[in-house]
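Undergrad: Kindly generate the corresponding structure for this input.
(chains A and B)
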Amino acid sequence: MTPLLSVRNLSVRFGETLAVDDVSFDLPRGGALGIVGESGSGKSVTCRALMKLLPSTARTEGEIRFEEQDILGASEATLNTLRGKRIAMIFQSPASHLDPLMRIGDQVAETLRKHTELKGRAIQEEVLRLLDVVRIPEPERWARSYPHQLSGGMKQRAMIAGALACKPDLLLADEPTTALDATVQKSVLDLLVELRQSQGLSMIFVSHDLGAVARVCEDVIVMRKSRVVETGKTRTVIDSPQHEYTRMLIASHPDRLTQHTPPVAPKAAPLLEARGVQVRYGGGGLTDIFTKRASGFLAVKGADFSVQPGETLGIVGESGSGKSTMARALVGLVKPAAGEILFEGAPARPFGRNRADYLRDVQLVYQHPYEALSPRMRIRDAIAEPLRRHKLCAPQNVAARVADLMAQVDLDPSLGDRLPAQLSGGQCQRIAIARALAMDPRVLIADEVTSALDVTLQAQVMDLLIRLQKERGLTMIFISHDLAVIRRLCNSVIVMRRGEIVEAGPTDQVFDNPSEEYTRTLINAIPHLEAAHP
Amino acid sequence: MKILRFIVARLLQSVPVLLGVSIVTFLLMVNTPGDPIRLLVGVRASDETIAIIRDRYGLDDPILSQYFTYLGNLVQGDLGASLRFRVPVSELIGQFYPVTLFLVVYSIVLILPPVILLSVWSAKRPNGPADQIIRIVGVVGLAMPVFWVGLLFARFFGVTLGLFPVSGFGDTIPQHFLHLFLPALTTAIWVVPILTRNLRSALLDEMNRDYVTAGMSKGLGASQVFRTHVFPNSVLPTLNLFAVIVAYLLGGSVIVETVYAVPGMGKLMVDSILARDYFVVQGATLVFALTTIVVMLAVDILSALIDPRINT
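TA: All right, here's what the predicted structure looks like:
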């Protein structure tokens, strides 16, 4: 039987860079193939080449056959009869892949209008049916909404609905769950597994997360530096990886990391404490003053917690649960509507006059390393900036201190002359951490610092934080939606949902005996390598 | 319903702006060098006469009560009387304002089609030959002073070729179109390049967005993706610039109206300033401010209609 899709010696070049080097594979009808690798490994480029969606600067060689149709040699007109109709694609960040000005229903209907004979009412009904298939509740209501009104998971579902519209034979999924929370990720993966069975969909699933691939695909290819390093049945690859890189990838998965027990902090007076902190977004306009009514959205509805010196506190929750807002309130980036923040038992005003003094002790590291660094500032200057601004050391010692900080986060000091764009995400995150450490803080707040990173880099950054915790006796607040990460790092944990703390306690207790249903859902959503098809 | 609430909220927000405008125009009058009564009664009037008139006009009242009198008159549409023509200012404005409005709308009609055409053409192939030529011609258009272009056009199209009248407004609507063609064209010459460059860069930004790839993956084809996704998204930033330019055109019609002797607000304003006809200057300022507020409001509402993210 001829395979549905057959790729032979595919190479893609952007100018001098070889993005994909001699990749070949077959996908049988009804099969599901995972492509795993870190960012820059060429997995997304491979996926896009299958539909010839690469920018015009890309030079492609080799052969791609979809049934008997040659893809690379096909004209745009021919391709447009395949795209969306026979081959559909879903993307990593649903937010940016949906047109912000167009209603969800119309975006789902686009493919129907283009590729089918359906008209008017029939299209409406088909759109509602599709939204129902991807389990969007109240399809009528959400079809009329715009993308910004939907949550991340719903946007991804809507995009899947659009991709399924013309009953394609092949679905290309380019990191469809990476930008989503664990619980949402699980539900989207479940949906994809179910669609494979119910619609007989063939699938190519690109991800950096072997756990996610294991859930959906029976075959996998592992890519690294533009090349395929290993192929095989997912189960076999996970159980007995042949290539050294695959082994490292599997070892970096939270499932396989050595359990680390964070040092127990001695009972002491809390170092940082939040009492009844409320944060409100919006509101406070003229109409509010007249009606004496508080409008806007309560992002944090009264949070009480404390961190002891040397302790690591984890804050978990889905996006929108208010955990990042809480972090921002702690360093005065948003002003709480009520409540107070205490540092060493005394009320601190992170947004008041002694802001600079307080921030010397409490530093925040942000989620997106590239966005947290100025793209035009050299690494060395970025780290030196707080030293110079706050005169933390004599001008002639700045260079030595920067080199010292870079060494502390395992960065080669020779990288100092580079710009952020010339470094990897993991390296940039280290720089962001080094810059926070420049202040010699006593509390480090890490807001989703590992979420934007590949698993291998994630493991490295986590190891770095564990080491700093040990060496410096740093007090940390670690915010993440990834429970596996929290479990490795934190002594105690609080679980947030819709702006409220629903559960709090020592990590082991919360994880082994969760008292809330919600916490249990979060724990069950962690993707495991063991989920692979036998 | 949300959009209705948004409109009402925006209307309420313009109330303080209007009050601010009334204060500024009032202070303009109070702080005018020279005594308006002197202008009214002439230099030879006795001090007694002046005192009587000052009293009658309430000029000796406390400044705050003068302001409220002024505000009360404004609300009733009473802007005072022109010292020069001896007619109410509102009558003068009613006579001159439609001409300027006609000119501005006419200019907009001449501006929009080339802006859309040229920016799409440039963006299709950035830095290609068409883009370069459009850029160079645009810079030339921007670099030429408006009054100079006006004079050139009047000389060439009006006098040498005799195609268009070079002054006045005409009496019938077809005549209006004929009379105002050169002034409108002169205005368009410098506005088109600005908007074209703005829309071109917005188009280029939007063409690299992820939803374009997503649209291509649905097999929509480049031209449909451009029409239905790229273009609507690109219009928004340009729309805001467009509002600023329209507001400027209304106030900045002075040069074009002077060059072509068009009896519009700009010309009225300049003549009144030169003749020290203060009440007319005050009234005209107020009308310009009002128009600006209305234009901005209209564009805000238009953006809210296009972009669902604005009114939530």
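Undergrad: what ranges of chain B fall below the confidence cut-off?
TA: B:1, B:33-36, B:39-40, B:252, B:311-312 (pLDDT under 70).
Undergrad: now do 50
TA: Scanning chain B for pLDDT under 50 picks out no residues.
Undergrad: Tell me the residues of it that contact chain A?
TA: Residues of chain B found near chain A (Cβ under 8 Å from any Cβ of the partner chain) are B:9, B:12, B:209-211, B:213-222, B:224, B:228-229, B:232-233, B:306-309, B:312. To be clear about C-beta, it is placed using only N, CA and C from the backbone, and glycine gets the same treatment.
Undergrad: per-domain residue ranges of chain A.
TA: A:87-167, A:272-527 (automatic domain parsing).
Undergrad: and if you look at chain B?
TA: According to automatic domain parsing, the domains of chain B span B:2-75, B:89-306.
Undergrad: so of these, which one's packed in deepest?
TA: Comparing the domains of chain B by mean neighbour count (mean count of other Cβ atoms under 10 Å in any protein chain shown), domain B:89-306 comes out on top with a mean of 18.
Undergrad: closest one to residue A:488 among the domains of chain B?
TA: domain B:89-306 (32.9 Å; Cβ to Cβ).
Undergrad: Please read off the pLDDT at residue A:342 from the model.
TA: Here the pLDDT value assigned to residue A:342 is 86.
Undergrad: nope, residue A:179 is what I was after
TA: Reported pLDDT for residue A:179: 69.
Undergrad: can you check residue A:531 too?
TA: 62.
Undergrad: And residue A:18, by the same measure?
TA: Confidence score, pLDDT, at residue A:18: 86.
Undergrad: Check which residues of the host helix or strand of it are buried.
TA: Using DSSP states H and E, residue A:18 sits in strand A:17-27. Buried residues in strand A:17-27, counting neighbours by 16 or more other Cβ atoms under 10 Å in any protein chain shown, are found at A:19, A:20, A:21, A:23, A:25, A:27.
Undergrad: List the residues that contact the second one.
TA: By Cβ atoms under 8 Å, 6 or more residues apart in numbering or on different chains, the contact set of residue A:20 is A:10, A:11, A:12, A:42, A:45, A:46, A:49, A:226.
Undergrad: Which pair in the residues you listed has the greatest spatial separation?
TA: For these, and using Cβ to Cβ, no pair is farther apart than A:49 and A:226, which are 12.1 Å apart.
Undergrad: got JSON lines for the contacts of residue A:20, with pLDDT and neighbour count too?
TA: Listed next are the contacts of residue A:20 as JSON lines, based on pLDDT from 0 to 100; neighbours: other Cβ atoms under 10 Å in any protein chain shown:
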{"residue": "A:10", "pLDDT": "90", "neighbour count": "22"}
{"residue": "A:11", "pLDDT": "90", "neighbour count": "17"}
{"residue": "A:12", "pLDDT": "90", "neighbour count": "22"}
{"residue": "A:42", "pLDDT": "85", "neighbour count": "26"}
{"residue": "A:45", "pLDDT": "88", "neighbour count": "22"}
{"residue": "A:46", "pLDDT": "90", "neighbour count": "27"}
{"residue": "A:49", "pLDDT": "90", "neighbour count": "24"}
{"residue": "A:226", "pLDDT": "86", "neighbour count": "22"}
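Undergrad: Out of these, list just those in strands.
TA: Among these, DSSP state E puts A:10, A:11, A:12 in strands.
Undergrad: Just give me the closest of those residues to chain B.
TA: residue A:12 (15.5 Å; Cβ to the nearest Cβ).
Undergrad: sec struct for the residue minimising distance to the centre of chain B, please.
TA: For chain B, residue B:250 is the residue whose C-alpha lies nearest the centre (Cα atoms, centre = their mean; 2.4 Å). Per DSSP: H, G, I helix; E, B strand; the rest coil, the local secondary structure of residue B:250 is helix.
Undergrad: can you pull out the helices in the stretch 301-450 of chain A?
TA: Taking DSSP state H, counting those that start in this stretch as the criterion, the stretch 301-450 of chain A carries its helices at A:323-330, A:355-361, A:369-372, A:379-389, A:398-408, A:425-437.
Undergrad: State the helix or strand in which the residue lying closest to residue A:345 once chain neighbours are set aside lies.
TA: The shortest distance from residue A:345 to any non-neighbouring residue, by Cβ to Cβ, 6 or more residues apart in numbering or on different chains, is to residue A:269 (6.1 Å). Assigned by DSSP H and E, residue A:269 falls within no helix or strand.
Undergrad: got a list of what residue A:269 touches?
TA: With Cβ under 8 Å, 6+ apart, residue A:269 has these contacts: A:308, A:344, A:345.
Undergrad: Which among those residues count as buried?
TA: Buried subset of these (neighbour count, 16+ other Cβ under 10 Å): residue A:308.
Undergrad: So which of the contacts of residue A:269 is the closest to residue A:466?
TA: Among the contacts of residue A:269, and counting by Cβ to Cβ, the member closest to residue A:466 is residue A:308, at 18.0 Å.
Undergrad: gap between the closest one and residue A:239?
TA: 42 Å (Cβ to Cβ, to the nearest Å).
Undergrad: Check residue A:326 too.
TA: 41 Å.
Undergrad: So which of the two has more stuff around it?
TA: More crowded of residue A:326 and residue A:239, by other Cβ atoms under 10 Å in any protein chain shown: residue A:326, with 28 against 12.
Undergrad: so the more buried one sits right up against residue A:300, yeah?
TA: Yes. Taking contacts as Cβ atoms under 8 Å, residue A:326 lies within contact range of residue A:300: 5.5 Å.
Undergrad: what do those two both touch?
TA: A:277, A:279.
Undergrad: Can I take it that residue A:168 is in a helix?
TA: No. Counting by three-state DSSP, residue A:168 falls outside a helix, being coil.
Undergrad: That one contacts residue A:201, correct?
TA: Yes. Residue A:168 is in contact with residue A:201 according to Cβ under 8 Å; the separation is 7.3 Å.
Undergrad: Quick check on those two: which one has the bigger neighbour count.
TA: Between residue A:168 and residue A:201, counted using other Cβ under 10 Å, residue A:168 has the larger neighbour count: 22 against 19.
Undergrad: Let me see the contact set for that one.
TA: A:84, A:85, A:86, A:87, A:88, A:201.
Undergrad: if you look at those residues, which of them are in helices?
TA: With DSSP state H as the criterion, helices contain none of the contacts of residue A:168.
Undergrad: Let's see if you can find the most crowded of the residues you listed.
TA: Ranked by neighbour count (other Cβ under 10 Å), these have residue A:88 at the top, with 28 neighbours.
Undergrad: Which strand residues bridge that one?
TA: In this entry, residue A:88 is beta-bridged to residue A:171, by DSSP bridges.
Undergrad: From residue B:222, how far out is it?
TA: 18 Å.
Undergrad: swap in residue B:237?
TA: Distance, residue B:237 to residue B:222, by Cβ to Cβ: 22 Å.
Undergrad: how about the residues of chain A that lie near chain B?
TA: Counting by Cβ under 8 Å from any Cβ, chain A sits next to chain B at A:48, A:51, A:53, A:76, A:79-85, A:88-89, A:91, A:93, A:96-102, A:110-111, A:114-115, A:146, A:148-149, A:159, A:162, A:286-287.
Undergrad: Quick check: strands, which of those residues are part of them?
TA: A:88, A:89.
Undergrad: Give the buried residues for stretch B:78-90.
TA: Going by neighbour count (16+ other Cβ under 10 Å), the buried part of stretch B:78-90 is B:79, B:80, B:81, B:82, B:83, B:88, B:89, B:90.
Undergrad: chain center to that stretch: distance?
TA: 23 Å (Cα atoms, centre = their mean, to the nearest Å).
Undergrad: can you check stretch A:53-63 too?
TA: With Cα atoms, centre = their mean, you get 28 Å for stretch A:53-63.
Undergrad: Buried residues, that stretch. List them.
TA: A:53, A:54, A:58, A:60, A:62.
Undergrad: Can you redo those residues as CSV, where the extra columns are pLDDT and distance to residue B:258?
TA: Shown next, in CSV, are the buried residues of stretch A:53-63 (pLDDT from 0 to 100; distance: Cβ to Cβ, whole Å):
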residue, pLDDT, distance to residue B:258
A:53, 87, 56
A:54, 85, 57
A:58, 85, 57
A:60, 89, 62
A:62, 89, 69
